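S.K.: Compute the structure for the input listed below.
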Amino acid sequence: MSARTYAVRGMACGHCAGFVAEEIESIAGVTAVAVDVDDDTVTVSSDQDLDIADVRAAVEEAGYELTGT
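M.R.: The predicted structure follows:
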């Protein structure tokens, strides 16, 4: 299992965190998502290497922007 933290721009509240987590959780291989709105980060645990494009697409689908890894 691996975990990786990503920077996300635009999250402001718990609802934001929920939208982002829901979209990322739909990616195959994701086992857990922890969103920290105060730090503008999302930590994703997975049982396989994730394609950054998949994570970026999920964050954008939720209405936010992946700004770094």
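
S.K.: Now do Ala58 against Val44, distance only.
M.R.: Counting by C-beta to C-beta, to the nearest Å, the gap from Ala58 to Val44 is 9 Å. For glycine as for every other residue, the C-beta is placed from the backbone atoms N, C-alpha and C.

S.K.: which residues are in contact with both of the two?
M.R.: Ile24 (C-beta atoms under 8 Å, 6 or more residues apart in numbering).

S.K.: Give the buried residues for the helix or strand encompassing Glu22.
M.R.: Assigned by DSSP states H and E, Glu22 falls within helix 14-25. By neighbour count on 16 or more other C-beta atoms under 10 Å, the buried set for helix 14-25 is Cys16, Ala17, Phe19, Val20, Ala21, Glu23, Ile24.

S.K.: which residues touch the residue nearest to Glu22 when sequence neighbours are not counted?
M.R.: Among residues not flanking Glu22 along the chain, Ala62 sits closest, at 7.2 Å (C-beta to C-beta, 6 or more residues apart in numbering). Contacts of Ala62 were listed using C-beta under 8 Å, 6+ apart, and they are Cys16, Phe19, Val20, Glu22, Glu23.

S.K.: Dump the residues you listed into CSV; add distance to Gln48 as well.
M.R.: Formatted as CSV, those follow (distance: C-beta to C-beta, whole Å):
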residue, distance to Gln48
Cys16, 27
Phe19, 24
Val20, 20
Glu22, 20
Glu23, 18
